[in-house]
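> structure, please.
(one chain, ligands or ions: 2)
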Amino acid sequence: MSRKLKGIAAAPGVAIAPLVHFHASLEHIPTAKVAAEQVPHEQGRLAGAIAAVAQNLQALQRELSGQLAGGQLRIYDAQLSILHDPTFRRDVEQEIAALGVNLEVALQRVIARYEAVFAAMENAAMRERAADLRDIGRQLIGALLATERTKYTANGQDYLFAADEFLPSDAGILDRQHIRGIVTAHGGKYSHGAILARSLGIPAVVGVDEVMLVSNTGTDAIVDGDAGIVVLEPSPEERAHYERLAREQRGVERRLREQRLQPSVTPDGTLVRLYANAEGVHDLDGIDAPATAGIGLFRTEFAFMERRQFPTEDEQVAMYKRAMAGAGGKPVTFRTLDVGGDKPLGYFKMPEERNPVLGWRGIRLCLDWPDILYTQMRAILRASAGGHARILLPMVTSRSEVVRCREVLQQLVADLREQGIPHDPEIELGVMVEVPVVVMVLDDLLPLVDFLSVGTNDLVQYLLAVDRDNQRVAKMYDPFHPGVLRVLRQIAERATAAGKSVSICGEIAGDHWFTPLLVGLGYRDLSMAPVFVPRVKLMLRSFTLAECQDLAARALAMQSTAAVRRLVQDEIQVRWTRYLGTANEEQAS
Ligand code: PEP
Ligand code: MG
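Numbers count the residues shown, from 1 in each chain. Ligands and ions are numbered 1, 2, ... in the order given. Alright, predicted model coming up:
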C-alpha cells in the first residue's frame, strides 16, 4: 500500500525510481522477517560482511602505519579481535534464528546488548570498548548496505538517494547518469546538501524524518521536489499522475531553455546580470557560460571537501584556472575557504563546538590559520593572470578582519611582483554580507572593499535566529519577512551610495518568486545555481523596473511575512501560472 511522507521541498522536479539507502547507521537499518528455511542463508551473509570490514581495517592499518603511533594503531587490532570473536558471531546467528529477523536487525540488537554490558563496567578502558563495538557494528551495517546498494546502483538503472543527510562530500559518490532524486531525514531548504541538489538539478525532499525507518533499499518511490512529498510504493494511479507531472515539467523546461540566451533585461531595458554559483570543480560542466555573466560565487570549500588532504598551491591554481575556463573568460568570484559550521573538512580536525554556526568558521578560521589563507589567495592571484578573478571573504564580522586580509593581499601582490610571477595586481576584494552586524558598519567597511555579495542563506538564519539546517524550525526560515527585505534594501542603498557593486549570492537570488522584489530593492547582480537562470531570466523579462519598484515598496510597508507572501502570490505567481498554462497547452497539443 502506498504511503505519503511529508518533508521540505528542497530542489524542484519529480522523480520516480527505487530508493537506495546510503550512509551506514545503527539506527536506520533495513528490516525484514526471515522465514525458517531462509535462516541459514541470512546467517551466511555475516561472513561476507566480516571479511569486507576486516579487509578495510587491515588496509587502513597499513596506510596509517607510518603516521600513527603503535598505541593508536592497536585500536584497529582491538576492532579486528571483536570482528573475529566466535561468541559475537554465534550470538548474531542465534538472534537471526530465534527471532526470525534479518541480519541487520540481529546485529543492531546484539551490539546494543554488548554495549550496555561494557558501558556499565567500572574499568574506564573497558567502557571505551563500547565505542569500538558500536563502530564495528556501524561498519558491518555499512558493508551490508553497500552490497545491497550495488544491486540497484551497478545495473545502469535509475535510483533515488536516501540518507540521514546529503553531505557536500556525497557529490563525489553519486552516479550522475542514474541518480534521479534525493530524500533525506534531516536538513532544510537552505542546507548545503539542498543547495548542492539544486545546483546539480536533482529533485530533492529533505527533513523526511521517517524515511530511513519505513523504507528499505529497493522500495519504489516518488520524489516530488516541488510539493515536498515522498510517496513510497505508489499506486498505479499515483504513478500515472506523477508521470504526467514530470512530462509537463519537461515541457516547461523546454520553453525556459528556448529563451536562455535572451538578454537579462526588464521589458523597459534595465539590465540585471545573472551569474552562476558553482560548488566545486565538478559543477563546472553544468554552467551554461553563454547564458550567464560569469561565476558570481565559487564555493571553494566544496572543491577542498572532495579531497583527502589540503590541495597544494599548484593544485589550487589548476583548479581556479579550470573554473575560469568554465566561465568562458567571464569574471569568476572565488570565495575563500568557508569551512566550519555545517561544512567540516575531513582532514582538518576542528574542535567540537556547541554552536558551530556561531563558532570557528569562514574567515575567522582562516585568519587563525594564515597559511591556509596565504596559499589560497596566492593561488587565486596566480590564476588571475589568465582572466578576470575576484576574491570574496566569507563570514566577515568586522572592519579589522578586512584590514588584515587586505594586508595579506598587498603582501602577496608585492611578493609575486618581485618573483616575476604573472598575476592581476588590481584584483578586486569583496566581502560577504551575511553577519547582520556588518550591515550596521557598512559605511566603515565599504571604503576598504571593491564589492559586496549578500549571503542571504546565513544572513536570514542570523537575522531570524532560525537554524537553516533544522527541519523543525524550517517553517520559520522565511526570507519574505519584511524585516529581511528592509535589511536588503539598506545594503543595496549603502553600496550604491558608495559606488560599489553589490550582488546577492544566497538561494533567494535563484528563486524566481523573489526576482521582481530584489530588482525593486536595487539589486542588479544576482548569482544562483545555473538551473535557475532561465526561470529568473523569464521573470525579469516580465516586469518593468517601475513595477518591480512598486512591488518592493509595497512589500517593505507590510507588517507580516504572510502579507508579503500574499502580495507575491497575487502579483507574481499569477503571471507565472499564466505562462505555465500556455506551456502545458503546448505540451498537450
Ligand atoms: C550564504 O550564506 O548565503 C551563502 C551564499 O553562503 P553559504 O550558503 O555557502 O553559507
Ligand atoms: Mg554563508
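> what is the rounded mean pLDDT of stretch 530-542?
Averaging pLDDT along stretch 530-542 yields 91.
> can I get it in CSV, CA atoms only?
Extracted C-alpha coordinates of stretch 530-542, given in CSV (Å, rounded to 0.1, in the frame of the first residue of the first chain):
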residue,chain,number,x,y,z
PRO,A,530,22.7,27.5,-13.1
VAL,A,531,19.5,25.6,-13.4
PHE,A,532,17.6,28.6,-12.2
VAL,A,533,19.0,31.1,-14.6
PRO,A,534,16.3,30.5,-17.3
ARG,A,535,13.4,30.9,-14.8
VAL,A,536,14.9,34.1,-13.2
LYS,A,537,15.5,35.5,-16.7
LEU,A,538,11.9,34.9,-17.7
MET,A,539,10.6,36.6,-14.6
LEU,A,540,12.9,39.5,-15.2
ARG,A,541,11.7,39.9,-18.7
SER,A,542,8.1,40.0,-17.4
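> any part of it near ligand 1?
No. If you take Cβ under 6 Å from any ligand atom as the test, stretch 530-542 misses ligand 1, and the best it gets is 13.8 Å. The C-beta positions use only the backbone N, C-alpha and C, and glycine is treated the same way.
> next one: that stretch to chain centre, how far?
Computed by Cα atoms, centre = their mean, to the nearest Å, the chain-centroid distance of stretch 530-542 equals 22 Å.
> cool, stretch 430-444 as well?
24 Å.
> so the residue in the stretch 201-350 of the chain that ligand 2 sits nearest to, which state does it fall into?
Nearest residue of the stretch 201-350 of the chain to ligand 2: residue 338, at 6.3 Å (Cβ to the ion). Following DSSP: H, G, I helix; E, B strand; the rest coil, residue 338 is assigned to coil.
> find me the pLDDT at the residue lying closest to it once chain neighbours are set aside, would you?
Once flanking residues are discounted, residue 338 sits nearest to residue 394: 3.8 Å by Cβ to Cβ, 6 or more residues apart in numbering. In the predicted model, residue 394 carries a pLDDT score of 98.
> so how far is residue 477 from residue 394?
Distance, residue 394 to residue 477, by Cβ to Cβ, to the nearest Å: 20 Å.
> for residue 4, pull up the helix or strand it's in.
Residue 4 belongs to strand 3-6 when elements are defined using DSSP states H and E.
> and that strand, which strands flank it?
Partner strands and pairing direction for strand 3-6 (DSSP bridges) are strand 229-232 (antiparallel).
> packing partners for the helix or strand following the strand it pairs with?
Using DSSP H and E, the helix or strand that follows strand 229-232 towards the C-terminus is helix 236-258. If contacts are counted by 3 or more Cβ pairs under 8 Å, 6 or more residues apart in numbering; DSSP states H and E, helix 236-258 sits against strand 14-21, strand 220-224, helix 533-540, helix 574-588.
> of those, which shows the lowest average pLDDT?
Between the helices and strands packed on helix 236-258, the one with the least mean pLDDT is helix 574-588; it has a mean of 59.
> close to ligand 1: what parts of the stretch 101-250 of the chain are there?
Residues of the stretch 101-250 of the chain lying close to ligand 1 by Cβ under 6 Å from any ligand atom are residue 195.
> quick one, helices of the stretch 101-250 of the chain?
Using DSSP state H, counting those that start in this stretch, the helices found in the stretch 101-250 of the chain span residues 103-119, 124-153, 192-200, 211-214, 236-258.
> looking at those helices, which is buried most?
Stretch with highest mean neighbour count among the helices of the stretch 101-250 of the chain: helix 192-200 (a mean of 26; mean count of other Cβ atoms under 10 Å).
> quick one: list the elements packing against that helix.
Under the contact definition 3+ Cβ pairs under 8 Å, 6+ apart, helix 192-200 sits against strand 8-11, strand 179-184, strand 204-206, strand 273-278.
> how does it look with 10 Å?
Here helix 192-200 touches strand 8-11, strand 179-184, strand 204-206, strand 273-278, strand 295-299, helix 300-305, helix 456-464, going by 3 or more Cβ pairs under 10 Å, 6 or more residues apart in numbering; DSSP states H and E.
> what's the neighbour count on the residue of the stretch 201-350 of the chain closest to ligand 2?
Per other Cβ atoms under 10 Å, the neighbour tally for residue 338 reads 26.
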